[in-house]
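Undergrad: quick one: sequence and predicted model below, then my questions.
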Amino acid sequence: MKTSQLLIATTRETPTDAEVISHQLMLRAGLIRRLAGGLYTWLPLGLKVLRKVEGIIRQEMDRAGAQEVLMPVVQPAELWEESGRWQQYGAELLRIKDRHQRDFCLGPTHEEVITDMVRKEIRSYKQLPINFYQIQTKFRDEIRPRFGVMRSREFIMKDAYSFHLDRASLEATYQVMYDTYHRIFERMGLNFRAVQADTGSIGGDGSHEFHVLADSGEDAIAFSTESDFAANVELAEAMAPAGERAAPSQAMSEVATPNVHSIDEVCAFLKVEPSQTLKTLLVQGASKEQPVVALVLRGDHEINDIKVEKLAMVANPMTFATAEQVQAVANCDAGSIGPIGLTIPVIVDRAAAHCSDFVCGANKTGFHLTGVNWVRDGQTGLVADIRNVVEGDPSPDGKGTILIRRGIEVGHIFQLGDKYSKALNANVLNENSRAQILEMGCYGIGVTRVVAAAIEQNHDEKGIIWPDAIAPFQVCIVPMQMHKSPRVKDAAEQIYQALTAQGIEVLFDDRNERPGVMFNDMELMGIPHRIVIGERGLDEGKIEYKHRRDKDSQNMDQAVFMDFLLQQLS
RNA sequence: CGGAGUGUAGCGCAGCCUGGCUAGCGCACCUGUUUUGGGUACAGGUGGUCGGGGGUUCGAAUCCCUCCACUCCGACCA
């Protein structure tokens, strides 16, 4: 394609509201334009990239035996009422009425629609397992769309749904999808990791997220320094410290700590490290008999509410006790609570249970205890994992220690089980002619988000650097003074024709612009391979080549240039 | 929803506090000349409901009221 036929919508200035680099570069390179909050138009160049991403996904899904379908964006309320999500889903579900005042919504996901299709079309266990996917627009009315297409309201997602007679079949397909996702992101040239994930509100058992690693990512991921263990920080298990708890060496004593509340204040006042202190949080209990439960953590650790909510004793969602409850239970202010002497259930984090000679609240406003020891001074009660892992913790698989990095979630696979098939009564006849509820898996990739994530991971100060597989064009030709030199024009045209004939996507900059403008635009747009043709080189029988990542260009003999370039592209 | 802020040319902004010539500047765009291996220079030019509505005033981009949109921080969520 020639630039004269393509909308080159590059800009020199960065709009002020673009915070992350991918958003800035997508605007500057002319890939997208904002229409309204969280709504973006894909310009020709951006759409080319999007189609590349879709193409890879489509190929790999087809290869994995999934069948493509296309379901409506607008969905009837009845289906959502049947699954219970018409009530469950919050304001993120955009609800609309048609002219007859019937309720509809814009689909944020398609579990209901696919399950409805399957219950109508699939009758026999002989048709299973089966896996359907689509690449379709979704709408989630995010409270705060941000970072461009990274977190927009309307976005494109590849979502797949598999159906099975039993758990084993589901697990087998789940594994196929797990492998397929690896192939997809590898082909895109992205640095990514599959991590164990929480199943969140969708429910179900097995789940992995696929994260593109980038410092600007919204999610924290825990890795092992030595094994391939990787999990979302929300889920990563915090192990008990190694070895036995040290024996008491100090006597317990009460010290006055006026107006000292937070761990930082306690540490500054008593001149101790946060790891030598314990903090006690009071939360709502799950039963009337135990309306308040105490959670004990080391001062330098953070509570993990997902882990806490899995404890039977604690109310879900986790809710902190009110000031009145704190007074009633501990007889002091929240800043002075400690585990010693409490009569309510106490749940102690593994690390906190390992402490000796620690500092904690005295359950007496303005006082703390020092030199406190478990067993001697009070019982630990239930010991559990209730905190976030931190860097340096031992890896849960016993190999290496934890490292925390940030990632952008681009894919998520779930073993859903029968949540939707049961609600919508999706069943088939099994071998015994009995109706049997289907097992279900679902597998998503944020297609539009992949584009942003790829840029987040592949850019420099000049602009985007596309991996070849998703570049809008593999090669660009930048002719010098073509509009005055027939030689340059002929040479450039010839190479353009030859490459195009090979099926290579080439962008030929035929604009009558200064070289600097052309170079800057091509670099900003991130075309991986650049060919420069000028009088200077032609005089010497040379053609200039530079990869977007190279520092310097190299001059190649015209005779061997084509072979050289094709080798670069393979 | 809570807190903060912004709305003036396609983009980025000044002007507002202290009301008063024809509302400015940079980039972009158009014309001409120039230049041509890294966003060239000069000259000329196009483009504005000053977010909408209402009010105060002889006079409002500027002051007041109201509505709207957007952005940032927080809570929420995949």
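TA: Here it is on my side, so go on.
Undergrad: list the buried residues for the helix or strand hosting residue A:178?
TA: Using DSSP states H and E, residue A:178 sits in helix A:167-187. Of the residues in helix A:167-187, those with enough neighbours to count as buried (16 or more other C-beta atoms under 10 Å) are A:169-171, A:173-174, A:176-178, A:180-181, A:184-185, A:187. Heads up, the C-betas are built off the backbone N, CA and C, glycines and all.
Undergrad: looking at those residues, which is nearest RNA strand B?
TA: For those, the minimum distance to RNA strand B (C-beta to the nearest atom of the strand) is 13.8 Å, reached by residue A:181.
Undergrad: the closest one reaches residue A:211, doesn't it?
TA: No. Applying C-beta atoms under 8 Å, one finds residue A:181 not in contact with residue A:211, separated by 11.2 Å.
Undergrad: touching both of the two, which residues are there?
TA: A shared contact of residue A:181 and residue A:211, defined by C-beta atoms under 8 Å, 6 or more residues apart in numbering, is any residue touching both; here these are residue A:194.
Undergrad: and the stretch 401-550 of chain A, which residues reach RNA strand B?
TA: A:409, A:412, A:462, A:480-481, A:483-484, A:513-517, A:519-521, A:523-524, A:532-537, A:544 (C-beta under 7 Å from any atom of the strand).
Undergrad: make sure residue A:465 is actually in contact with residue A:458.
TA: Yes. Using C-beta under 8 Å as the test, residue A:465 is close enough to residue A:458 to be in contact (4.6 Å).
Undergrad: quick check: neighbours shared by those two?
TA: Taking C-beta under 8 Å, 6+ apart as the contact rule, residue A:465 and residue A:458 both touch residue A:526.
Undergrad: show me what contacts the residue nearest to residue A:385 when sequence neighbours are not counted?
TA: Leaving aside its chain neighbours, residue A:385 sits nearest to residue A:238 (5.1 Å; criterion: C-beta to C-beta, 6 or more residues apart in numbering). By C-beta under 8 Å, 6+ apart, the contact set of residue A:238 is A:301, A:304, A:349-351, A:385, A:387-389, A:393.
Undergrad: can we see that at 10 Å?
TA: When contacts are counted by C-beta atoms under 10 Å, 6 or more residues apart in numbering, residue A:238 touches A:222, A:301, A:304, A:307, A:349-351, A:384-390, A:393-394, A:396, A:402.
Undergrad: for it, give its distance to residue A:246.
TA: In this structure, residue A:238 lies at 19 Å from residue A:246, with C-beta to C-beta, to the nearest Å as the measure.
Undergrad: for ChimeraX, write a command that selects the buried ones of the residues of the stretch 401-550 of chain A next to RNA strand B.
TA: What follows is the ChimeraX syntax for the buried subset of those, where burial is set by 16+ other C-beta under 10 Å:
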select /A:409,412,480,513,519,520,521,523,524,532,533,534,537,544
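Undergrad: residues near residue A:566, how many?
TA: Summarising burial for residue A:566: neighbours were counted as other C-beta atoms under 10 Å, giving 13.
Undergrad: ok, it to residue A:189 distance?
TA: Summarising the geometry, the distance separating residue A:566 from residue A:189, computed by C-beta to C-beta, is 19 Å.
Undergrad: same thing with residue A:397?
TA: The gap separating residue A:397 from residue A:189 is 29 Å, by C-beta to C-beta.
Undergrad: the longest strand anywhere in chain A - contacts with which helices or strands?
TA: Across chain A, the strand with the greatest residue count (assigned by DSSP state E) is strand A:402-417. Contacts defined by 3 or more C-beta pairs under 10 Å, 6 or more residues apart in numbering; DSSP states H and E place strand A:402-417 against strand A:154-164, helix A:167-187, strand A:192-196, strand A:207-213, strand A:219-224, strand A:230-232, strand A:439-446, helix A:447-457.
Undergrad: of all these, which one is nearest residue A:551?
TA: Closest of these to residue A:551 is helix A:447-457, at 19.9 Å (criterion: C-beta to C-beta).
Undergrad: I'd like the next helix or strand past that closest one.
TA: strand A:459-460.
Undergrad: from the chain's centre, how far out does the helix or strand just after that following strand sit?
TA: Proceeding N to C from strand A:459-460, the next assigned helix or strand is strand A:463-464, under DSSP H and E. For strand A:463-464, the gap between its own C-alpha mean and the chain's C-alpha mean amounts to 22 Å (C-alpha atoms, centre = their mean, to the nearest Å).
Undergrad: what about strand A:463-464, average pLDDT?
TA: When pLDDT is averaged along strand A:463-464, the result is 92.
Undergrad: direction included, what does it pair up with?
TA: Strand A:463-464 sits in its sheet next to strand A:459-460 (antiparallel), going by DSSP bridges.
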